[in-house]
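S.K.: I'll drop the sequence and a predicted model, then ask my questions.
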Amino acid sequence: MTSDDSSSKTRKTGFLEVPIKVSVVATSGALSKTITVDTDKDSERLTVKIVIDPPPVPAMSDTNRLQNQMISQSDRQAVFKADCASCHVSSIEGKYGKQLYDSVCGVCHEAEHRAAMVPDLHSLTVPTGEQFWRTWISYGRQGSLMPAFAKTENGPLTDMQITTLATYLSTAIPSR
């Protein structure tokens with residue numbers, strides 16, 4: 001058999017295009033979906049892997065930062081409304097504990113350009129504990145930039161999220 005003969009007997013297989021829809025709204029990280037393709041001859045399991053980068057945090061000018069601080073001083077719940085919600089609310093879905101702290105609390109308390117009136121939680125000199133954190137997270141502080149995060153106070157967090165956040169904080173930032 002010559003090489004020409006063998007190539008003529010090679011069976012060509014085509015590609016089958018299988019449309020797959022995956023909702024990636026408010027999602028970041030790795031996502032895997034498995035589908036099964038059944039034919040009259042066989043079944044094949046296929047895995048689709050998607051890596052979704054988190055949306056970039058928009059750069060904020062010093063002027064915008066100062067304007068937002070002034071708005072927050074008159075309405076501390078403003079961070080959950082309008083444009084501010086894109087950073088302070090949209091990243092909470094399905095997050096608890098450390099992950100929630102990093103995406104919500106860290107935006108202010110761990111920020112490179114943290115406002116002078118926003119405390120460094122790692123340097124608090126008052127006794128803390130789970131109840132301390134739960135109270136501050138839930139009700140915030142009137143007359144400051146600290147909003148009330150509890151849904152009952154028009155904030156975005158559920159009771160379960162607040163509980164896991166308070167538990168995380170009492171472990172990660174122990175009382176002094």
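M.R.: Ah, there it is.

S.K.: Where does pLDDT dip in this structure?
M.R.: The chain contains residues with pLDDT under 70 at 1-16, 25-28, 54-60, 65, 87-88.

S.K.: and if we set it to 50?
M.R.: Residue ranges of the chain with pLDDT under 50: 1-11.

S.K.: mind listing the helices for it?
M.R.: 3-9, 62-74, 85-88, 97-100, 106-109, 130-139, 159-172 (DSSP state H).

S.K.: Turn those helices into JSON lines, columns for distance to Ser123 and mean neighbour count.
M.R.: Backbone N, C-alpha and C define where each C-beta goes, glycine included. Converted to JSON lines, the helices of the chain look like this (distance: least, Cβ to Cβ, whole Å; neighbours: other Cβ atoms under 10 Å):
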{"stretch": "helix 3-9", "distance to Ser123": "74", "mean neighbour count": "8"}
{"stretch": "helix 62-74", "distance to Ser123": "20", "mean neighbour count": "13"}
{"stretch": "helix 85-88", "distance to Ser123": "23", "mean neighbour count": "16"}
{"stretch": "helix 97-100", "distance to Ser123": "19", "mean neighbour count": "17"}
{"stretch": "helix 106-109", "distance to Ser123": "11", "mean neighbour count": "16"}
{"stretch": "helix 130-139", "distance to Ser123": "15", "mean neighbour count": "17"}
{"stretch": "helix 159-172", "distance to Ser123": "14", "mean neighbour count": "18"}
